[in-house]
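Visitor: Got a predicted structure plus its sequence, pasted below:
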Amino acid sequence: MASPSIATSTTQHNDGDYILAALSAEIQHLRSSEPSKFVGEEIKALARCHDVASQIRRAKKPAAAYNEHGY
């Protein structure tokens, strides 16, 4: 799997950011590889994982901000 650029950033990132970056990097790598039915199915599966991880991350951000500020 290709190393995502977000992992080397000096900005603080959480595990969700790293997972999303890793999924994106792997999807891009597969898209540039030799096309096959298996690769196409793997891209679809990884894209679904990326979408779910994004939704979970977005859902957790407001809750984390709420808890941090104690509203």
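Guide: Sure, I can see it.
Visitor: any weak-confidence spans in this structure?
Guide: 1-13, 62-71 (pLDDT under 70).
Visitor: And the strands in it?
Guide: Here the chain has no strands by DSSP state E.
Visitor: where along it do the helices fall?
Guide: Ranges of helices within the chain are 15-32, 37-69, based on DSSP state H.
Visitor: Can you say which of those is packed in most?
Guide: helix 15-32 (a mean of 16; mean count of other Cβ atoms under 10 Å). Using the backbone N, CA and C atoms, a C-beta is placed for each residue, glycine as well.
Visitor: Which strands or helices does that helix pack on?
Guide: helix 37-69 (3 or more Cβ pairs under 8 Å, 6 or more residues apart in numbering; DSSP states H and E).
Visitor: Is it correct that Arg31 is in contact with Gly40?
Guide: No - applying Cβ atoms under 8 Å as the test, Arg31 and Gly40 come out as separate, 9.6 Å apart.
Visitor: what residues are shared contacts of the two?
Guide: With contacts defined as Cβ atoms under 8 Å, 6 or more residues apart in numbering, no residue is shared by Arg31 and Gly40.
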